Each structure stands twice: as structure tokens, then as C-alpha cells.
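A.B. asks: Got a predicted structure here, sequence first:
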Amino acid sequence: MNNRKCLECNEPLRGRADQKFCNDQCRSAYNNRQFVESNNVIRTINRILKKNYFILTALNPEGKTTALKSDLQKKGYRFDYFTCTYTTRSNRIYYFCYDQGCSELENNKVILVRRDLNGDLAAPKN
């Protein structure tokens, strides 16, 4: 006799030969535990990106403005988290959080810009 046991609760299995779990709850609990660490990292990063995005959106309602770097930091903006960078011909680097971007200026200032992503999102790039 085959002594197959549930991978989650170690109860004996009855049924199909390739069965790994005794029920859906055990399958879900097992899979959730397997991915909890990587999911927590992703959730944390997404939360930071979302907060950065809302800070930039609130400070840049018109699409282009300047602000103090310290104001962004006071609101909790994390300069080390962004979704992409863009370098202009004059070598100014913009750090974007989705469609909202910023670039450092002199005297503790940053320039905030918004770019139109509708064209970029419509067609996949080859």
C-alpha cells in the first residue's frame, strides 16, 4: 500500500495517484507559504513606488514645475525607487515613476515633469 500524505497537513491521501493535497485549503496554505517572502518584497516595492507617484502627482498638477528636494523628502519621497530613467541630449537625467518624473537642479531644487505614456503603452516595442 502506498503511504502518500498531504504536503501541508500530513493526512493520508485518498484518490488520484498524483494527488499532493487533501483539500483546497491545504493546497492554498502550502502555496501561500511558499511565495510569502517574494510577495512581501514585491508588495513593499510597489507600495514605495505608489507613494512616490502620488507625491509627484500632488506636487505637479500642471505637468511641469519646480519644487524643493527637501519638500519631497518631508512627504516621504524615496529617490532610490523609480520605474525608469530618461537622459536628454544635454545629459540631464530624469527619474520617472510611471509618467511622473523628476531631475535634480542646483540649490536643493528639482524639476518635476509629466510625460504622455498613451502612445508608449498602445503598441508593444520590438
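C.D. replies: Structure received.

A.B. asks: May I ask which helix or strand encompasses I42?
C.D. replies: Following DSSP states H and E, one finds I42 within helix 24-59.

A.B. asks: ok, and for that helix, which residues are buried?
C.D. replies: For helix 24-59, burial by neighbour count (16 or more other CB atoms under 10 Å) applies to C26, I48, L49, K51, N52, Y53, I55, L56, L59. Backbone N, C-alpha and C define where each C-beta goes, glycine included.

A.B. asks: Same list (these) but as TSV, adding distance to R114 and pLDDT.
C.D. replies: Supplementary listing: those in TSV, determined by distance: CB to CB, whole Å; pLDDT from 0 to 100:
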residue	distance to R114	pLDDT
C26	48	95
I48	20	98
L49	16	98
K51	17	98
N52	14	97
Y53	11	97
I55	13	97
L56	8	97
L59	11	96
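
A.B. asks: With distance to Y94 added, can I get those residues in a markdown table?
C.D. replies: Shown next, in a markdown table, are those (distance: CB to CB, whole Å):
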| residue | distance to Y94 |
| --- | --- |
| C26 | 49 |
| I48 | 18 |
| L49 | 16 |
| K51 | 19 |
| N52 | 14 |
| Y53 | 15 |
| I55 | 16 |
| L56 | 11 |
| L59 | 15 |
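
A.B. asks: and of those residues, the nearest to T88?
C.D. replies: The closest of the buried residues of helix 24-59 to T88 turns out to be L56 (CB to CB; 18.3 Å).

A.B. asks: now the closest one, nearest residue through space, not along the chain?
C.D. replies: Q100 (3.7 Å; CB to CB, 6 or more residues apart in numbering).

A.B. asks: measure the residue sitting nearest the centre point of the chain to C6 for me?
C.D. replies: Nearest residue to the geometric centre of the chain (CA atoms, centre = their mean): N46, 2.8 Å. Counting by CB to CB, to the nearest Å, the gap from N46 to C6 is 33 Å.
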